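Undergrad: Below are the sequence and a predicted model; questions follow.
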4 protein chains.
Amino acid sequence: MDLRIDPTDAVPIYAQVVDQIKALIASRALRPGDPMPSVRELAVNLRINRNTASKAYQTLEAEGILASRQGQGTVVAEGGAPWSHEERVRRLERSLDRSIVEAYHLEIPFDEMPPILEERLKRFTPDDNRDKKEDPA
Amino acid sequence: MDLRIDPTDAVPIYAQVVDQIKALIASRALRPGDPMPSVRELAVNLRINRNTASKAYQTLEAEGILASRQGQGTVVAEGGAPWSHEERVRRLERSLDRSIVEAYHLEIPFDEMPPILEERLKRFTPDDNRDKKEDPA
Amino acid sequence: MDLRIDPTDAVPIYAQVVDQIKALIASRALRPGDPMPSVRELAVNLRINRNTASKAYQTLEAEGILASRQGQGTVVAEGGAPWSHEERVRRLERSLDRSIVEAYHLEIPFDEMPPILEERLKRFTPDDNRDKKEDPA
Amino acid sequence: MDLRIDPTDAVPIYAQVVDQIKALIASRALRPGDPMPSVRELAVNLRINRNTASKAYQTLEAEGILASRQGQGTVVAEGGAPWSHEERVRRLERSLDRSIVEAYHLEIPFDEMPPILEERLKRFTPDDNRDKKEDPA
DNA sequence: GTGGTCTAGACCACG
DNA sequence: GTGGTCTAGACCACG
């Protein structure tokens, strides 16, 4: 669990933890069923308050991304987004729209965006031929 | 100026105003030099406090997106992001990475992202040759 | 934190606070990592409104000079001006040009400026080897 | 009168005019006794409001930098700062202190300031051997 | 009429 | 306890 917390960042610490765990899962560094460190361990490792670590896990559980089982600790959940396909595409579109607005104000021409996206996507699938579970979609 | 404010949203009101104005500019609904409604007008229209409207404008001015002058009103600024090209690309990459993480958790296969991006980009460049007002300058 | 506010000054109160905190940092009376008084404390001490104190801190944070975190207070940030070297020198030149124009109208001969500058610089580097608190980190 | 007004600058227009006229005088582009354009002319040339031009002249007169004589128009005044030598040095020191604070936050080492000052001073005395009135100090 | 500042007072999120 | 947001209402500088 290689998380980097920046306490001076305007983003709350618990949200930084949430974002980074979601990113680790998206890049397959963490996979469904993988055990997560306990709240206590995580707090010690990251040198954050135990309540902060707990809030991060609670948030991820509420989103269906982690699952905790009585006396068994917390694990990465098995997919299963609760929304319709239509709703899920709409959410992704909203996210991409934010990137497009950002690109405009950063004065990066729109036609440079697709190649940059392709390049970033490769970083989330570092090695196409290694053993991995197939995409749950 | 068709802005929609949701006071119950977790995103602060002033930030909602900021985001939507940035989106209007990115879609060319607002162009450099265009006059913005006055702080008072905006506040009345959106039914928010004058200080909240002012904070939105001041935030956009700090980002170099609007330009305000005492006694003269506020206009859309003429481009000019203050960062290096390297820094600007880094910021866009961070934004796209967020979309990629989101896509993963929404269980939308990565190879569906580029076509969705292309489709959204079209909406931000509705038709380069459509009739548009000439620059009033 | 020995700040002196003059409410009758043409310079806004929040800007007076900003200028004086920047001066304290430049003279090493405040160093990176040092905790700042809370917004509430500062407001009480200076007998200004909490919002005014908050605006001063937010301005300094936007300039990368302070770092604030909800629930954790505000500290002096670790350097890192966001501009290119060229831009930074240009800003200093503009500032010195203002002093030169001022000197002329104060009828102080130009060749008296360098020694005055040297003398003032000494006041900002009181004594590099004096006893100082070690870094608490 | 080559003044450049930036209407989007946060500095009020009248103050921009004041600052630039003071700079022209300090660089000897304008000398004591030189006639200034009328308020009306200035307003037309700079495309600013006549009241704005008037306020600039009034400010400069109040500082003893311009002098207007009944029916004779406005001229550059003959020196004569109203303060004691001590007070004038104190004001220059305050101005240089501002530059030092700025240099610190721009991360320009203090020992680079004197050479930069020397270089800027040369720009205000473009040609040491041309005919000129001696320094009034 | 325009934007900027300031106060007083309330409520919220974070840790 | 900390900083952030929002409202209501007042006053000021600029043009």
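TA: That came through fine.

Undergrad: quick one: residue A:64 and residue A:78 touch, right?
TA: No - using C-beta atoms under 8 Å, residue A:64 is not in contact with residue A:78, being 9.4 Å away. Every C-beta, even on glycine, is put in place using the N, C-alpha and C of the backbone.

Undergrad: hang on, isn't residue A:26 packed against residue B:107?
TA: No - contact criterion C-beta under 8 Å: residue A:26 and residue B:107 do not qualify, at 10.9 Å.

Undergrad: Which of those two has more residues huddled nearby?
TA: More neighbours surround residue A:26 than the other of residue A:26 and residue B:107, with 19 against 15 (other C-beta atoms under 10 Å in any protein chain shown).

Undergrad: Regarding the closest residue to residue A:69 other than its chain neighbours, what is its secondary structure?
TA: In space, and not counting its chain neighbours, residue A:69 is closest to residue A:75: 7.4 Å by C-beta to C-beta, 6 or more residues apart in numbering or on different chains. Put simply, residue A:75 is strand when judged by DSSP: H, G, I helix; E, B strand; the rest coil.

Undergrad: Show me what residue A:75 bridges to in the sheet.
TA: Beta-bridge partners recorded for residue A:75 (DSSP bridges): residue A:35, residue A:67.

Undergrad: Report the mean confidence score over the helix ranked longest in chain A.
TA: Longest helix in chain A, counting residues (DSSP state H): helix A:85-105. Mean pLDDT, helix A:85-105: 95.

Undergrad: and whichever residue of chain A sits closest to chain C, how many residues sit next to it?
TA: For chain A and chain C, the shortest gap (C-beta to the nearest C-beta) falls at residue A:8, measuring 3.9 Å. Using other C-beta under 10 Å, residue A:8 has 14 neighbouring residues.

Undergrad: can you check residue A:21 too?
TA: Using other C-beta under 10 Å: residue A:21 sits among 23 other residues.

Undergrad: Same check on the one 3 residues further on?
TA: Other residues near residue A:24 come to 18 when the count uses other C-beta under 10 Å.

Undergrad: For the closest residue to it other than its chain neighbours, give its distance to chain B.
TA: In space, and not counting its chain neighbours, residue A:24 is closest to residue A:30: 4.7 Å by C-beta to C-beta, 6+ apart. Between residue A:30 and chain B the computed distance is 11 Å (C-beta to the nearest C-beta, to the nearest Å).

Undergrad: Next, give phi and psi for residue A:30.
TA: According to degrees, to the nearest 10, the main-chain angles of residue A:30 amount to phi -120, psi 140.

Undergrad: Write out the residues of chain A neighbouring chain C.
TA: A:7-8, A:10, A:12 (C-beta under 8 Å from any C-beta of the partner chain).

Undergrad: Inside strands: which ones of those?
TA: Taking DSSP state E, every one of these sits outside strands.

Undergrad: Export those as JSON lines, with columns for distance to residue A:82.
TA: As requested, these are exported to JSON lines (distance: C-beta to C-beta, whole Å):
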{"residue": "A:7", "distance to residue A:82": "33"}
{"residue": "A:8", "distance to residue A:82": "35"}
{"residue": "A:10", "distance to residue A:82": "30"}
{"residue": "A:12", "distance to residue A:82": "24"}
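
Undergrad: wait, which of those residues is closest to residue B:46?
TA: Set against residue B:46, the nearest of those by C-beta to C-beta is residue A:10 (24.5 Å).

Undergrad: Now do that closest one: how many residues are near it, please.
TA: Using other C-beta under 10 Å, residue A:10 has 10 neighbouring residues.

Undergrad: residues contacting it?
TA: Contact partners of residue A:10, counting by C-beta atoms under 8 Å, 6 or more residues apart in numbering or on different chains, are residue C:69.

Undergrad: Roughly how far does it sit from DNA strand F?
TA: 7 Å (C-beta to the nearest atom of the strand, to the nearest Å).

Undergrad: List the buried residues of the helix or strand bottoming out on mean pLDDT in chain A.
TA: Taking mean pLDDT, DSSP states H and E as the measure, the helix or strand of chain A with the lowest value is strand A:66-69, at a mean of 90. Using 16 or more other C-beta atoms under 10 Å in any protein chain shown as the test for burial, strand A:66-69 gives A:66-68.

Undergrad: got the contact list for residue A:58?
TA: Counting by C-beta under 8 Å, 6+ apart, there are no residues that residue A:58 touches.

Undergrad: mind putting the residues of chain A next to chain C in a markdown table, pLDDT included?
TA: Converted to a markdown table, the residues of chain A next to chain C look like this (pLDDT from 0 to 100):
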| residue | pLDDT |
| --- | --- |
| A:7 | 82 |
| A:8 | 80 |
| A:10 | 82 |
| A:12 | 92 |
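
Undergrad: What is the most widely separated pair among those?
TA: A:8 and A:12 (12.0 Å).

Undergrad: on that earlier part again, the closest residue to the residue of chain A closest to chain C other than its chain neighbours and DNA strand E, how far apart?
TA: The shortest distance from residue A:8 to any non-neighbouring residue, by C-beta to C-beta, 6+ apart, is to residue C:67 (3.9 Å). Counting by C-beta to the nearest atom of the strand, the separation of residue C:67 from DNA strand E is 13 Å.

Undergrad: Could I get the contacting residues of residue C:67?
TA: Neighbour list for residue C:67: A:8, C:61, C:74-77 [criterion: C-beta under 8 Å, 6+ apart].

Undergrad: which residue ends up closest to the midpoint of chain A in space?
TA: Taking C-alpha atoms, centre = their mean, the centroid of chain A lies closest to residue A:22, which sits 1.4 Å from it.
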